[in-house]
Every structure is written in structure tokens, then in C-alpha cells.
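> Give the three-dimensional model of this entry:
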Amino acid sequence: MEAPGTIVLPAARRTGGKPFMEVIAARRSSRDFDTSRELDIQTLSDLLWAAWGINRTKGRTAPSSHNRQEIELYVFLKSGVYRYNPVEHALVMHLAEDLRAATGTQPFVGLAPVEIALVSDTTKITGKTPQGIIEATYADTGFICENIYLFCASEGLSTVARALVPKEGLAARLSLPEGHIITLVQTVGYPAARD
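Down below sits the predicted model:
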């Protein structure tokens, strides 16, 4: 039985899309979004699976240092903030309020349909120096961000990864546990119509 506020996502499509070299050629950052269009549930499902889903036993679509899988995705939608549960391939309600605008200060933030905060549970990273923890966390964040970029290039979506994020304030709004840090936020949506 699904918990209140949980969105069970449809199975991700694991075939199709553009050929890889065309995707690489199309990959770019864009800050132009059609703010009137929400992502449909299938596209959101495919996006999250491509970003950080499970693609084999104990394996993910992006690597992580020593397979610690310490990154969590917090998905900001108009309907609220959700944590992506890759095992159930579901969005679990975290806060029932629209906090997209709280993820940054740029003009499109809060207007684009999806903001994804990448949050590292640094307590899962053991046996490293403080500098080593930072390096592992940001490398693993980068792998996931690039999966999002490649998915968006394949599907004709706009995206941009952002470090200009009020991280401490946002972490407080999310009531993140000790040792959980926001690394980046990535904005996703349909591209703005060209005149």
C-alpha cells in the first residue's frame, strides 16, 4: 500500500532516444524554460531513472565511489518536495509545499517545472579525509548531473546545473539530518518557445 503523498512512477522506458553521438552534440546548459508546461509523469519517471535509478542488481545508472550510493535526489514540483526512492521507483512526499523558488535566486528558478537537489549523506563515506569526502561527493554528484544533461539532450528538454543555491537555508527548510549536504540543484523543463 502506498503512503499518503507517494507518487508511484510508471516504469521507465529503457529503450529509444537519440543516438549517443547526437545526444553529445546536443548536450548544453539552458536557462530558457517554458514555464507554462509541466513535465508529464512518464517523462519525469524516465528522467529520474536515467539520473539515479536502478539498472541492475545493486547497481545504479550512475557510478558512486565504492558504490556507497550516498546521493539522494530531492525533487521540487509545484505540488511539493519529494524524495526519489529508486528501489520503489517512486516519489515520497517530503514537504507539501512548493519550494522551487527557494532553490536559487536566478529569474527562472521557481518558474521551471522541476528542480532536483542533489543531497549527499556524507555519513555513508567512511575511511576518507575531509577533503576526500568532498571529492567523492562532488564526483558522484557530477555523474548524476551528466546523466540528467544527456537525458535532457535526448528528449529535447532544457536543463542547467546550479551551484548558486542558498544551501544552508534550503537545508534548514528541508530539515536535512546532520551530515547531509546539498551539492547542486539542477533545473529541468521544456525549452521556451522561440519567436
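> Tell me where this structure has strands.
7-8, 54-56, 59-60, 71-77, 80-85, 90-95, 114-121, 158-162, 180-189 (DSSP state E).
> how about these in JSON lines, adding distance to residue 173 and mean neighbour count?
All C-beta atoms are positioned from the backbone trio N, CA, C, and that covers glycine. What follows is the strands of the chain, written out as JSON lines (distance: least, C-beta to C-beta, whole Å; neighbours: other C-beta atoms under 10 Å):
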{"stretch": "strand 7-8", "distance to residue 173": "21", "mean neighbour count": "16"}
{"stretch": "strand 54-56", "distance to residue 173": "29", "mean neighbour count": "12"}
{"stretch": "strand 59-60", "distance to residue 173": "27", "mean neighbour count": "16"}
{"stretch": "strand 71-77", "distance to residue 173": "11", "mean neighbour count": "22"}
{"stretch": "strand 80-85", "distance to residue 173": "9", "mean neighbour count": "20"}
{"stretch": "strand 90-95", "distance to residue 173": "8", "mean neighbour count": "18"}
{"stretch": "strand 114-121", "distance to residue 173": "11", "mean neighbour count": "24"}
{"stretch": "strand 158-162", "distance to residue 173": "17", "mean neighbour count": "22"}
{"stretch": "strand 180-189", "distance to residue 173": "11", "mean neighbour count": "22"}
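> Nearest to residue 107, out of these?
Smallest distance to residue 107 across these (C-beta to C-beta): 11.3 Å, for strand 180-189.
> Report the angle between the closest one and strand 114-121.
160 degrees (axes from the mean of the first three to the mean of the last three C-alpha atoms, to 10 degrees).
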